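Q: dropping a prediction and its sequence here:
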Amino acid sequence: MHVATRQQRLIAALAIKGPLLRTYLVGLLWPEYPDSKALESLRVSVHLISRQVPGLIVNEGRMLYLSDDVDVDLRRVRLQARSLGAAALQTNRAALLDGLRDAQLLPGWYEDWIMVEQSRLQQDRLRAYVAIAAHSLALGDTATAEAAAEAAVEIEPLYESAVQLLIQAELQDGNPAAALRAYERYRKQLGDDMGLLPSESVSALLAGALERRPGLRTERSVPPRHPWLSGQPALDHA
């Protein structure tokens, strides 16, 4: 069903924010217009939508909202992300992860109010990924834990909890090289962006991994705050 851009913006506002007063909508969608012109633009948009997609918008005078028959996927994704109880995490982790992975809100739309909602959805997804990763790791499901932690790091590369979970999942999966790569990416970006070093709790994960790795005759295992872990390799040659 095709509707013009102006009508798409109105439908999107009602889908994202729910029932809205006309006075709020004109300020949201036509902030640069005088009130009289903005109200006329809203009236025209409502008329065109009602003609093109009958029954989509319910018009109650001062208030507009989408019909109860309309299924808004954003609402389902938000509900899913915010209600990750133990029962759901116990049985549906992979399905929850798949459902959240491609949940992008209006990509390519850059109005301020939409970008605020895009950021809010990203934070919901980030918290959900961390919850899925932590629960999966506790149950020994390293594949799901790695996927969820990686998804969280893609959203926020400097989110320490997500980085820790990714490193722990790689180590638990018997892949210390991948854990070291994840740590190094985090260490470099944290230094470049913030001028900081990784915390003791993150560095200690890798120090333990180095100590347990076999065949390290040419390298000495390093403590958590050793220069090696701040980007300066320290090798002891036999």
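A: Received, thanks.

Q: what's the helix or strand for G55?
A: Following DSSP states H and E, one finds G55 outside all helices and strands.

Q: quick check: it touching S67?
A: Yes. Counting by CB atoms under 8 Å, S67 is a contact partner of G55 at 5.6 Å. For every residue, glycine as well, the C-beta is placed using N, CA and C.

Q: now do the strands in the protein.
A: Along the chain, counting by DSSP state E, strands occupy 20-21, 57-60, 63-66.

Q: and those strands as JSON lines, adding mean pLDDT?
A: JSON lines is the format used below for these (pLDDT from 0 to 100):
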{"stretch": "strand 20-21", "mean pLDDT": "97"}
{"stretch": "strand 57-60", "mean pLDDT": "95"}
{"stretch": "strand 63-66", "mean pLDDT": "98"}
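
Q: what's the most buried one of the ones you listed?
A: Comparing the strands of the chain by mean neighbour count (mean count of other CB atoms under 10 Å), strand 63-66 comes out on top with a mean of 17.

Q: partner strands of that strand, with direction?
A: Neighbouring strands of strand 63-66 in its sheet, by DSSP bridges, are strand 20-21 (antiparallel), strand 57-60 (antiparallel).

Q: hmm, who's touching that strand?
A: 11, 14-15, 18-22, 25, 46, 56-58, 72 (CB atoms under 8 Å, 6 or more residues apart in numbering).

Q: alpha carbons of it, as CSV, please.
A: The C-alpha coordinates for strand 63-66 follow below in CSV (Å, rounded to 0.1, in the frame of the first residue of the first chain):
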residue,chain,number,x,y,z
MET,A,63,-7.4,13.1,19.2
LEU,A,64,-6.0,10.8,16.4
TYR,A,65,-4.9,7.2,16.7
LEU,A,66,-4.4,4.0,14.7
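
Q: and the furthest pair within the contacts of strand 63-66?
A: Pairwise distances across the contacts of strand 63-66 peak at 20.3 Å for R22 and V72 (criterion: CB to CB).

Q: in terms of neighbours, single out the busier of those two.
A: Under the neighbour definition other CB atoms under 10 Å, R22 and V72 were set side by side, and R22 has more, 17 against 13.

Q: now the phi/psi pair for the nearest residue to that one once chain neighbours are set aside, please.
A: Sequence neighbours aside, R62 is the residue nearest to R22 in space, at 5.6 Å (criterion: CB to CB, 6 or more residues apart in numbering). R62 adopts backbone torsions of phi -80, psi -20, taken as degrees, to the nearest 10.

Q: report pLDDT for R62.
A: Confidence at R62, expressed as pLDDT, is 93.

Q: ok, now which ones touch it?
A: Contact analysis of R62 by CB under 8 Å, 6+ apart lists L21, R22, T23.

Q: distance to E117 added to those, as JSON lines?
A: Conversion of the contacts of R62 to JSON lines gives the following (distance: CB to CB, whole Å):
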{"residue": "L21", "distance to E117": "18"}
{"residue": "R22", "distance to E117": "20"}
{"residue": "T23", "distance to E117": "20"}
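
Q: out of the residues you listed, which is nearest to L158?
A: Using CB to CB, the contacts of R62 come closest to L158 at L21, 39.4 Å.

Q: quick one: that closest one from G27, how far?
A: L21 sits 10 Å away from G27, going by CB to CB, to the nearest Å.

Q: no more questions from me, cheers.
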